[in-house]
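Student: Pasting the sequence and the predicted model now:
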Amino acid sequence: MPEIVADLHVHLEHDEFVGILAEAIAPGLDVVAVTNHAHKPDVMHAQPGRIEKLQSLRPDLLLLPGVEWDVLGCHVNVIFPDAEAFAAVAPDFVGRFNMTDDESVAADALGAIAAIPEPTRPAVILNHPGHGLEGARRLAQVMVSKKPAVAAGVDMFHGHQGWPQTYGDPMEYPGNVPGGLYDTLLSGGLRPAATAASDFHVHKQERRPDYAPGQYQWTIINCPDRSGTGVVRGLWAGESYAVQGSVVEALSMTWTGEGLRVCFRARVDLERWEVITGSEAGVAVIGFGRTAGAVDETVPVKRGRGSWARVRGASVSRERPVPGGPYAGGFASSAVHDGDGPW
Ligand SMILES: [Zn+2]
Ligand SMILES: [Zn+2]
């Protein structure tokens, strides 16, 4: 299956920023989702034209339209597979469901997304849970109780990193800590994808520069094909990993008779990496110490109905990285489940 490199959270709020964004998007990205705020209706309505212009400047990229939905005090990206699906759904969706603080309205909104037939149904990603964590937890509970048929993702690291207060330790980030937001969805029977994005704002660069799209955080997704629908289906399958600074590459997980075989290549020295396992008995952590280079480790993970496992880690250096990589940072995979094939 093709492995695509995505940044599923980028802002583009003014016509004159199109050229700046086109130049800022770093090489190596395959997919960029433009996801302006739902509470700025003018921006949302102008977005399709701006995406068209960006596409003419960057024909190499698959651009997806989306909207950053304000719900229960948190931010959630609703990402559509193409422009028609966005035009058909997004304005009405925002009009009905934006800015709600009511769990039953949030459940209706997720139900409305789930009712959109394939292949135009959007994906839903819980953005940057370091900001709005309480709301993200509430929405996660709605998702666990209603189990809407939507492809879901959770940001494992914070985007919009020009703001130092949002940087933090990648191993402590509330998206990916053991038993955190990601594991809440997993233990609730969902299959979330691990994501990381830039949340790049052209209009905030003068105050405090963010990492540009594709410069520091990526979501690597196994997709059935390189279309918008393929990306949503890849997220749906939950076969992805989130990585900062390309600290690791070629991450794969396979069940064997002895447990979970984990392979990746560390491009910088890792301080540690971990396998997080979950089952009805709860969440457990199997830790590995300082690591460099190629890793091929079969970890004795016990499997059973409903069990899952995922991998995460971080570099020795926690210094705030500068462009030019490879950098310091963390990585976190989506989970493999009992019965899954290799990915
Ligand atoms: Zn946001
Ligand atoms: Zn944003």
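Tutor: Arrived safely, thanks for sending. What you are looking at is a predicted structure, and each value in this text was computed from that prediction instead of being measured. Ligands and ions are numbered 1, 2, ... in the order given.

Student: hey, let's count contacts and neighbours off CA atoms from now on
Tutor: Will do.

Student: Extract the C-alpha set from whichever strand or helix holds residue 46 and format it as PDB.
Tutor: If you go by DSSP states H and E, residue 46 is part of helix 41-57. C-alpha atoms of helix 41-57 as PDB (Å, rounded to 0.1, in the frame of the first residue of the first chain):
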ATOM      1  CA  PRO A  41     -17.600  32.100   7.900                       C
ATOM      2  CA  ASP A  42     -16.100  34.600   5.400                       C
ATOM      3  CA  VAL A  43     -12.900  32.700   5.400                       C
ATOM      4  CA  MET A  44     -14.700  29.400   5.000                       C
ATOM      5  CA  HIS A  45     -16.700  30.600   2.000                       C
ATOM      6  CA  ALA A  46     -13.600  32.000   0.300                       C
ATOM      7  CA  GLN A  47     -11.600  28.800   1.000                       C
ATOM      8  CA  PRO A  48     -12.500  26.800  -2.100                       C
ATOM      9  CA  GLY A  49     -11.200  29.500  -4.400                       C
ATOM     10  CA  ARG A  50      -8.000  29.800  -2.400                       C
ATOM     11  CA  ILE A  51      -7.400  26.100  -2.500                       C
ATOM     12  CA  GLU A  52      -7.800  26.100  -6.300                       C
ATOM     13  CA  LYS A  53      -5.200  28.900  -6.600                       C
ATOM     14  CA  LEU A  54      -2.900  27.000  -4.300                       C
ATOM     15  CA  GLN A  55      -3.400  23.900  -6.400                       C
ATOM     16  CA  SER A  56      -2.300  25.800  -9.500                       C
ATOM     17  CA  LEU A  57       0.900  26.800  -7.800                       C
END
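
Student: Which parts of the stretch 1-150 of the chain are strands?
Tutor: In the stretch 1-150 of the chain, the segments counted as strands under DSSP state E, counting those that start in this stretch are 3-11, 31-37, 62-71, 74-79, 123-126.

Student: Go through these and name the closest to residue 250.
Tutor: Of all these, it is strand 3-11 that lies closest to residue 250, at 9.6 Å by Cα to Cα.

Student: Check which helices and strands the closest one sits against.
Tutor: strand 31-37, strand 200-201, strand 217-222 (3 or more Cα pairs under 8 Å, 6 or more residues apart in numbering; DSSP states H and E).

Student: Give me the sheet partners of the longest strand along the chain and which way each runs.
Tutor: In the chain, taking DSSP state E as the definition, the longest strand is strand 259-279. Strand pairing for strand 259-279, using DSSP bridges, gives strand 248-256 (antiparallel), strand 282-288 (antiparallel), strand 291-299 (antiparallel), strand 308-315 (antiparallel).

Student: and the third one, how far from the chain's centre?
Tutor: Put plainly, it is strand 291-299. 24 Å (Cα atoms, centre = their mean, to the nearest Å).

Student: where's residue 339 relative to residue 103, distance?
Tutor: 33 Å (Cα to Cα, to the nearest Å).

Student: who's more crowded, those two?
Tutor: residue 103 (16 against 13; other Cα atoms under 10 Å).

Student: Quick check: which ranges of the chain have low pLDDT?
Tutor: 1, 163-167, 320-327 (pLDDT under 70).

Student: residue nearest the centroid of it?
Tutor: residue 195 (1.9 Å; Cα atoms, centre = their mean).

Student: For residue 41, see how far away that one is.
Tutor: For residue 195, the distance to residue 41 - Cα to Cα - is 26 Å.

Student: do residue 311 as well
Tutor: 39 Å.

Student: that older thread, determine which stretch of the helices and strands packed on strand 3-11 is the most buried.
Tutor: Across the helices and strands packed on strand 3-11, averaging neighbours per residue (mean count of other Cα atoms under 10 Å) puts strand 217-222 on top, at a mean of 27.

Student: Not counting the following helix or strand past that strand itself, show me its contacts.
Tutor: The C-terminal neighbour of strand 217-222 among helices and strands, as given by DSSP H and E, is helix 228-237. Contacting residues not belonging to helix 228-237 are listed as 62, 64, 80-82, 119-120, 122-123, 150-153, 191-193, 221-225, 240 [Cα atoms under 8 Å, 6 or more residues apart in numbering].

Student: nearest spatial neighbour of residue 43, skipping sequence neighbours?
Tutor: Spatial nearest neighbour of residue 43, chain neighbours left out: residue 13 (5.8 Å); criterion: Cα to Cα, 6 or more residues apart in numbering.

Student: ok, now residue 209?
Tutor: residue 162 (5.0 Å).

Student: gap between that neighbour and residue 290?
Tutor: 29 Å.

Student: tell me how far the ends of stretch 30-46 are from each other?
Tutor: 24 Å.

Student: Need the contact partners of it.
Tutor: Contacts of stretch 30-46 (Cα under 8 Å, 6+ apart): 4-14, 47, 51, 60-70, 77-79, 91, 94, 98-99, 213.

Student: now swap in stretch 106-119 and tell me
Tutor: For stretch 106-119, using Cα under 8 Å, 6+ apart, the contacting residues are 71-72, 81, 93, 97, 100, 121-122, 139, 142-143, 146, 148-150, 229.

Student: Stretch 91-105 too?
Tutor: Residues outside stretch 91-105 that contact it (Cα under 8 Å, 6+ apart) are 38-39, 45, 69-73, 106, 109, 138-139, 142.
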